[in-house]
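Peer 1: kindly return the folded structure for what I paste below:
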Amino acid sequence: MRKTPQFRVNCYPLLPLLGELGFLELRGMGFLLTMHAFGPLSPLQIPQLMSAFSLSWLLGLVLPGAPGGIGVFEATAIAQLSGEYSPAIVLSAVALYRLVSILAEACGALLAWLHQPGRGGPPERPD
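Peer 2: Purely as a prediction, here's the structure:
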């Protein structure tokens with residue numbers, strides 16, 4: 001019988017965790033601003049919206065079978081927020097948020113592609 005080598009973590013990867021929490025916070029702020037574009041928000045609604053966004057984002061990320069979680073995020077957000085907001089406003093905000101986030105990711109990918117040496121990025125420096 002072969003022994004499996006043991007994997008040992010010396011310390012918790014705190015920096016990646018903080019980075020992911022910051023990433024989720026920025027995406028949540030984008031969702032809040034998208035909801036605010038369709039109507040005024042009070043400060044008391046922010047915790048509910050951030051909680052609904054976080055759970056919807058998590059389920060859209062975790063549930064398999066849907067490419068990119070398309071449909072799961074939207075359905076969860078509508079189910080959670082339809083009691084407080086009109087389903088039309090929630091669906092419009094979620095669709096606009098999806099569009100804005102996809103465009104932002106595409107712009108980031110384009111900038112990374114352009115920044116590659118030989119692709120119009122900064123010239124390589126001779127050593």
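Peer 1: I'd guessed A37 sits against A95; true?
Peer 2: No. The pair A37 / A95 is not scored as a contact, 11.9 Å apart, by Cβ atoms under 8 Å. (C-beta placed from N, C-alpha, C; glycine too.)
Peer 1: spit out the contact partners of A37.
Peer 2: By Cβ atoms under 8 Å, 6 or more residues apart in numbering, the contact list for A37 reads A93, L96.
Peer 1: and it, its phi and psi?
Peer 2: phi -70, psi -20 (degrees, to the nearest 10).
Peer 1: any regions of this protein where pLDDT drops low?
Peer 2: 1, 64-70, 119-127 (pLDDT under 70).
Peer 1: ok, how many other residues are close to A77?
Peer 2: 26 (other Cβ atoms under 10 Å).
Peer 1: what helix or strand is the most centrally placed residue in the chain on?
Peer 2: Note on the chain: the residue nearest the mean C-alpha position is R27, at 4.9 Å, using Cα atoms, centre = their mean. Using DSSP states H and E, R27 maps to helix 14-38.
Peer 1: starting at the chain centroid, how far to that helix?
Peer 2: Relative to the chain's own centre, helix 14-38 is displaced by 7 Å; criterion: Cα atoms, centre = their mean, to the nearest Å.
Peer 1: buried set for the helix or strand that it is followed by?
Peer 2: For helix 14-38, the following helix or strand on the C-terminal side (DSSP H and E) is helix 46-62. Residues L49, M50, A52, F53, S56, W57, G60 are the ones in helix 46-62 that count as buried (16 or more other Cβ atoms under 10 Å).
Peer 1: ok, the residue nearest to the centre of the chain - contacts?
Peer 2: F53, W57, S101.
Peer 1: with adjacent residues omitted, what lies nearest to the second one?
Peer 2: Take W57 and drop its neighbours on the chain: the residue closest to it by Cβ to Cβ, 6 or more residues apart in numbering is F73, 6.3 Å away.
Peer 1: same deal with the first one?
Peer 2: Taking Cβ to Cβ, 6+ apart as the measure, F53 lies nearest to F31, with 4.6 Å between them; neighbours along the chain are not counted.
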